[in-house]
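1. Following is a predicted model, sequence given first.
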Amino acid sequence: MKEKNDSIIEQSLKTASIYIKIIAIIVIFGVLLSGVTFVQSGEVAIVLRFGRLVGDIPAEQVLQPGIHFSLPFLIDKVVRIPVQKVQEVKVDGLYTYGNIRDITKTGYALTGDNNIVLLEAVLKYKITDPVRYTLDVEQPVDNLKELATSSLTRKISSMSVDRILTDQKKELAGEVLEDTQKQADRIGMGVQLVALEITGLHPPGEVKDAFDLVTSTNVKNETLIQEAKRYREKVIPEAVAERDSMIQGAKSYKLERVAQANSDVSQFYGVLDEYRRNPLIVHERLYREKVEKIMEKVADTVLVPKGEQGENIILP
């Protein structure tokens, strides 16, 4: 019986030893495979060996898309950075959800004319220097958010509330984007800002109705101005064309009348010279010409001497 138990124990130990060896082989194989890294398209990677960056120059430090080999994960740590992806940071430090009760404890911005506005935006960016972005700056997302909030506060403080809420939103976003990029470059964040989209910009809820009325009035005013400009652009060319046509017509009429007058004057002087030489002949000729013209107008009408009542009788 004792020999049988010893045999069972021995067999169990052999089986356990086999399983331990298999597990050890699997673990070792897994550790060795952890050094194989596949960097996908649109991203790069850096390798940290015991917390220090591997490589002396940027070309050695940044792994491009493809398969790469490094030491096991117990020694090397591979950090992937999505350099082609446009990432977003929500800038809501100047936005209050709900009514303002205590402005010292809620987000807001003070305008240049001492009014309050609430603003919410989205900052979009891409990573241009993965090493700096990952290692040189702590919490880069929070830093970008703070830089954008600070720039927004400065820019809004130099503008009037009416302009901010109406026609200067685009200008505000552009100036803040440029200023935030300069600040990010100054501290070496390794990012390229793509856009700043203002998703919420309005006055506090307590005065929102009044501001909406002002904004609506400004929009109507601008609409009327644009309509007046379009009407002007339509009417002025038509008036100019009509004026030019009338001037041209007047010039043509003038030339025609002057030519006719010159012709009449020439004809008159011609007759005058003949009359001075032969007044009776010219008188007779002119008389006959006038009579002929009168008779042409009379045509088939017959003139009869005065009737019994002493009246002229005209018959067709």
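-> Sure, I can see it.
2. Which helix or which strand is home to the residue nearest in space to the middle of the chain?
-> Compute the mean C-alpha point of the chain, and by Cα atoms, centre = their mean the closest residue is residue 170, 8.3 Å away. Using DSSP states H and E, residue 170 sits in helix 169-186.
3. Tabulate the CA atom coordinates of that helix in CSV.
-> What follows is helix 169-186, C-alpha atoms only, in CSV (Å, rounded to 0.1, in the frame of the first residue of the first chain):
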residue,chain,number,x,y,z
LYS,A,169,-16.9,85.5,-33.7
LYS,A,170,-14.7,84.4,-36.6
GLU,A,171,-12.2,87.2,-35.9
LEU,A,172,-12.1,86.2,-32.2
ALA,A,173,-11.5,82.5,-33.0
GLY,A,174,-8.7,83.4,-35.5
GLU,A,175,-6.8,85.7,-33.1
VAL,A,176,-7.1,83.2,-30.2
LEU,A,177,-5.9,80.3,-32.4
GLU,A,178,-2.8,82.3,-33.5
ASP,A,179,-2.0,83.5,-29.9
THR,A,180,-2.4,80.0,-28.5
GLN,A,181,-0.1,78.5,-31.1
LYS,A,182,2.6,81.1,-30.2
GLN,A,183,2.3,80.2,-26.5
ALA,A,184,2.4,76.4,-27.3
ASP,A,185,5.5,76.9,-29.5
ARG,A,186,7.2,79.0,-26.8
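4. Mind checking what helix or strand follows that helix in sequence?
-> strand 191-202.
5. ok, and what's touching that next one?
-> In this structure, residues lying in contact with strand 191-202 by Cβ atoms under 8 Å, 6 or more residues apart in numbering are 86, 91, 95, 117-129, 133, 140, 144, 148, 164-165, 169, 172-174, 176-177, 180-181, 184, 208, 211. Placement of C-beta: from N, CA and C, glycine included.
6. longest helix of this protein?
-> Taking DSSP state H as the criterion, the chain has its longest helix at helix 208-277.
7. any idea of the mean pLDDT in it?
-> Average pLDDT, helix 208-277: 86.
8. Report the distance from it to the chain centre.
-> Computed by Cα atoms, centre = their mean, to the nearest Å, the chain-centroid distance of helix 208-277 equals 39 Å.
9. So for the residue nearest to the centre of the chain, what's the pLDDT?
-> So, for residue 170, pLDDT stands at 87.
10. show me what contacts residue 274?
-> Under the criterion of Cβ under 8 Å, 6+ apart, the neighbours of residue 274 are 281-282.
11. If we go by neighbour counts, what in the following helix or strand past the longest helix of the chain is buried?
-> On the C-terminal side of helix 208-277, the closest following helix or strand by DSSP H and E is helix 279-298. By neighbour count with 16 or more other Cβ atoms under 10 Å, helix 279-298 contains the buried residues residue 282.
12. Helix 279-298 - contacts with which helices or strands?
-> On a contact count with 3 or more Cβ pairs under 8 Å, 6 or more residues apart in numbering; DSSP states H and E, helix 279-298 meets helix 208-277.
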